[in-house]
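Peer 1: this one's structure only:
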């Protein structure tokens, strides 16, 4: 018995004890009908080969370890960015349990959302009654200022009509007639969570700007000097939105963050649970129609939202998750151009500090090969930053990236001599990435928590940037946007590089001549 | 901090009844009427907890429940390690349940073992319109080619599958035949079926019956020489290694565990189970169905057990031994005696730090009762409990064997009710899931995730109890809780008049 009260062993060590090792070996040998170890080894080696890669890339139907989630997750993410808004997902209830868990596991925060809990009877008769009762219950219990409705695949397959359902619910008195219930159809079998973000954001803006589903006059745009900012689906929303606010404030720009969920995903522990916190006020959401321009930080999260805004007479500008010096330069220069405001010395100093940091450190990154996966915009931002650091983003992969995205990534490669041997993989998954890492190895992998399996299998060190990050804490509180954010990304990459150098040089009397204390 | 111990049972009962009345006030009348049936105060001597259960959740409330898919893929089938489980439908369900339950296993992932992978048919609009059967067949071919050492395939249906009328059974049969009788199991666990995860467990159990057991010829020779002491562990998902710290005890007492379900389980073990002399059942809720089936069809008795905390472990070891001869009975006593010094040391260390502390629980279908004994071993008291997806027989077991007079009972608790109950009862610890964790921590209430052990574990067995005790101490006595209120905001705001 290895366990003791004095030094409690948990799973990390407990099962390495001889009695457990023996037990597990017996179990395998006698009862699991295991494969011949030589055969396992043979297949393991085969799965690393170009031949396997070819078969793997020939896949047409199967998806293995995809780097994307489904639309409604994005819709929930948007909804909580508005003042006292409760996301209401119309469909079967298990989905909501999943969205709430997924967001909580990433942000280490509560995630509030209700479901209309549709079951078999709703599958047959439609979910109207679930909507009528659900809105009434949610309204009474959680006292939201707005309920933002989206759908799951179930409600979409049976064809529930949200507009009509919400109208009927209001007629039946579930919520007052003038109460704000924006909605978006977000079928899980179309696009991904970034599509859901887009649809939900569009749904909310449309609601406020275009007559609240026929219950109010459309807003007449009276242009003002404000700038709207839309962050897109972003695992760093807490740090990023605060950083973006800092930039706006430094420049003296009046702004509206649309879908500002930076506070609701970063509430304090002080004895009170805040179900709602911060968020774009409903007044701001409505008034955003008058803004001079809207900036989207992530083009692929706003493919439908931006045209809607543009049709209301505003200028729209889209970025692809800019990270680093030139990306942030483009962002602040666009702000300056649109608003006519000078870029203040404060930001120039921050910029200079980031450039300084790159100058100090880029020698360690220069020429290194990276594989990147994640959402389409994030991949673009990171690839550009790596090129700026003199690195090669050798494999860039987005399960939810399309052909248009691939062309954009290729253009980024083409813009730099370091992009020469780099390739883009739209619509591929992490099992494809595994083949890439075996057949065309790189020095580092950048992606979310799921990349740890790739790190283990292929030995490619993983730098965790993306969503979700479940197995490291508090990353979302640090921005990756702005010059400050660029510094965080740089340090994250450097830390891993230095850890790897140390790990590879720490064998006494063998490799430790390079085990340096000064780098 | 707790106010409970300072009150008489009568006062507690009155307080709890008042609390229930208070939370019901917020609902519209129809909803209040329905929710009222799920909330109660336990009365000593009653045969159940006096609440309705396993009934549809109310739309628009924040239920903690999941769905049938979660019950089948997430709980029962997912941990079977040498089979590939296809999340059949859109991408999300598989993504959100990907490796989230910590079902530990030994195996070469991606080669002969597949638990922490996400296989999905990633349904697109055209699959909804034209049906997904052809795609499913092709997926199986691709699995065979790229993962040749898989020992079987299951199809875990997501919502659209049943709605569009796909025939996954037909595809499974055709493909099984094509691959020389390979085990391919279609599972109709669409999320809209039933009221919670619970139906998914049942459906998954039935799939094992129909597509694994019924496939084995009656005269098939077992892969091993049977013995008189062969048992199967049923309903342990090996979260943080729970099944391992359980299995070791059964083996130490002289039994032979021929199968383990489903944590660290394999198809061969599923197939071997009907050869067991006794099925020992940990999670009654999720696997009683298949245990009953084996009793009827193969004449294998089954026995529930509880491996949380030394009192229940000893009781359970003796109960299991009672099905066998003196050799095993002596074995049970030997095991209990062997671990007694460890248990004494754990309790001596942690009980003084935990004595008198109160706990409120809300978990799935087993732990709301099973962990109560472990808390009591540490001198703690469970003052409120309820099930996400328990049935009436779970509440009967709870009432008859676990809870004390006056305990607050809440079935399928809503987020609103749970917050209010905790706010007013002020327990020293809440044990529930990830969705609840941060809510209560923000309130300054210590919390442990009782689904995933908060990424710790195992909690089962004697080795697990040491970890359980340490974790509860760590949660309750962490210095962080004293910092929750800023020192300049220390004005007390008791919601109930505390006696201290």
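Peer 2: Great, that's in hand. In this text the structure is predicted, and so the values were computed from the model without any measurement. Numbering: from 1, shown residues only, chains lettered A, B, ... in the order given.

Peer 1: who's in contact with residue B:22?
Peer 2: Residue B:22 is in contact with B:420, B:424, counting by Cβ atoms under 8 Å, 6 or more residues apart in numbering or on different chains. C-beta: built from backbone N, CA, C; applies to glycine.

Peer 1: let's verify it: helix, strand, or coil?
Peer 2: Under DSSP: H, G, I helix; E, B strand; the rest coil, residue B:22 falls in the helix class.

Peer 1: residues from the stretch 201-350 of chain A in reach of chain B?
Peer 2: A:267, A:268, A:269, A:270, A:271, A:272, A:273, A:274 (Cβ under 8 Å from any Cβ of the partner chain).

Peer 1: now the buried members of those residues.
Peer 2: Using 16 or more other Cβ atoms under 10 Å in any protein chain shown as the burial test, these include A:267, A:269, A:273 as buried.

Peer 1: number of residues surrounding the one residue in chain A that gets nearest to chain B?
Peer 2: Residue nearest to chain B within chain A (Cβ to the nearest Cβ): residue A:94, separated by 2.4 Å. Neighbour count for residue A:94, taken as other Cβ atoms under 10 Å in any protein chain shown: 31.

Peer 1: for it, which non-adjacent residue is closest in space?
Peer 2: residue B:67 (2.4 Å; Cβ to Cβ, 6 or more residues apart in numbering or on different chains).

Peer 1: ok, that neighbour touching residue A:115?
Peer 2: No - using Cβ atoms under 8 Å, residue B:67 is not in contact with residue A:115; the gap is 9.8 Å.

Peer 1: what about the helices in the stretch 201-350 of chain A?
Peer 2: For the stretch 201-350 of chain A, the helices defined by DSSP state H, counting those that start in this stretch cover A:237-251, A:282-287, A:305-311, A:325-339, A:345-361.

Peer 1: can I get those in TSV with mean neighbour count and mean pLDDT?
Peer 2: Output for the helices of the stretch 201-350 of chain A, formatted as TSV (neighbours: other Cβ atoms under 10 Å in any protein chain shown; pLDDT from 0 to 100):
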stretch	mean neighbour count	mean pLDDT
helix A:237-251	21	98
helix A:282-287	18	98
helix A:305-311	19	98
helix A:325-339	18	98
helix A:345-361	15	98
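
Peer 1: need those in TSV (columns: distance to residue B:144).
Peer 2: Shown next, in TSV, are those (distance: least, Cβ to Cβ, whole Å):
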stretch	distance to residue B:144
helix A:237-251	42
helix A:282-287	52
helix A:305-311	43
helix A:325-339	45
helix A:345-361	48
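
Peer 1: quick one: closest of those to residue B:399.
Peer 2: helix A:237-251 (44.8 Å; Cβ to Cβ).

Peer 1: in the worst-scoring helix or strand of chain A on mean pLDDT, what's buried?
Peer 2: Counting by mean pLDDT, DSSP states H and E, chain A has its least confident helix or strand at helix A:120-125, which shows a mean of 94. Neighbour-count burial for helix A:120-125, counted by 16+ other Cβ under 10 Å, picks out A:120, A:122, A:123.

Peer 1: quick one on the thing from earlier: got the phi and psi for the residue of chain A closest to chain B?
Peer 2: Phi and psi for residue A:94, reported as degrees, to the nearest 10, are phi -60, psi -30.

Peer 1: next, the angle from the helix of greatest length in chain A to helix A:345-361.
Peer 2: The helix that spans the most residues within chain A, counting by DSSP state H, is helix A:482-504. Per axes from the mean of the first three to the mean of the last three Cα atoms, to 10 degrees, the angle that helix A:482-504 makes with helix A:345-361 is 20 degrees.

Peer 1: what mean pLDDT does helix A:482-504 get?
Peer 2: For helix A:482-504, mean pLDDT rounds to 98.

Peer 1: stretch B:329-343 now?
Peer 2: Mean predicted confidence for stretch B:329-343 is 98.

Peer 1: need the residues that contact it.
Peer 2: Against stretch B:329-343 from outside (Cβ under 8 Å, 6+ apart): A:1, A:3-5, B:249, B:252-255, B:310, B:313-314, B:317-318, B:320-322, B:377, B:462, B:465-466.

Peer 1: tell me which of the residues you listed fall in helices.
Peer 2: Counting by DSSP H, the contacts of stretch B:329-343 contribute B:249, B:252, B:310, B:313-314, B:317-318, B:320-321, B:377, B:462, B:465-466 to helices.

Peer 1: now those residues as a markdown table including pLDDT and neighbour count?
Peer 2: Output for these, formatted as a markdown table (pLDDT from 0 to 100; neighbours: other Cβ atoms under 10 Å in any protein chain shown):
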| residue | pLDDT | neighbour count |
| --- | --- | --- |
| B:249 | 98 | 24 |
| B:252 | 98 | 19 |
| B:310 | 98 | 21 |
| B:313 | 98 | 27 |
| B:314 | 98 | 19 |
| B:317 | 98 | 26 |
| B:318 | 98 | 14 |
| B:320 | 98 | 22 |
| B:321 | 98 | 23 |
| B:377 | 98 | 23 |
| B:462 | 98 | 27 |
| B:465 | 98 | 31 |
| B:466 | 98 | 29 |
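
Peer 1: now the two most distant members of the residues you listed.
Peer 2: Among these, B:321 and B:466 lie farthest apart (Cβ to Cβ), at 23.1 Å.

Peer 1: residue B:67 and residue A:115: which is more packed in?
Peer 2: The neighbour count for residue B:67 versus residue A:115, taken as other Cβ under 10 Å, is higher for residue B:67 (33 against 30).

Peer 1: residue B:292 reaches residue B:302, doesn't it?
Peer 2: Yes - applying Cβ under 8 Å, one finds residue B:292 in contact with residue B:302, separated by 7.5 Å.

Peer 1: more neighbours: those two, which one.
Peer 2: More crowded of residue B:292 and residue B:302, by other Cβ under 10 Å: residue B:302, with 22 against 14.

Peer 1: coming back round to it: as CSV, the buried ones among the residues of the stretch 201-350 of chain A next to chain B with pLDDT and distance to residue A:479 would be great.
Peer 2: Formatted as CSV, these follow (pLDDT from 0 to 100; distance: Cβ to Cβ, whole Å):
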residue, pLDDT, distance to residue A:479
A:267, 98, 18
A:269, 97, 22
A:273, 97, 26
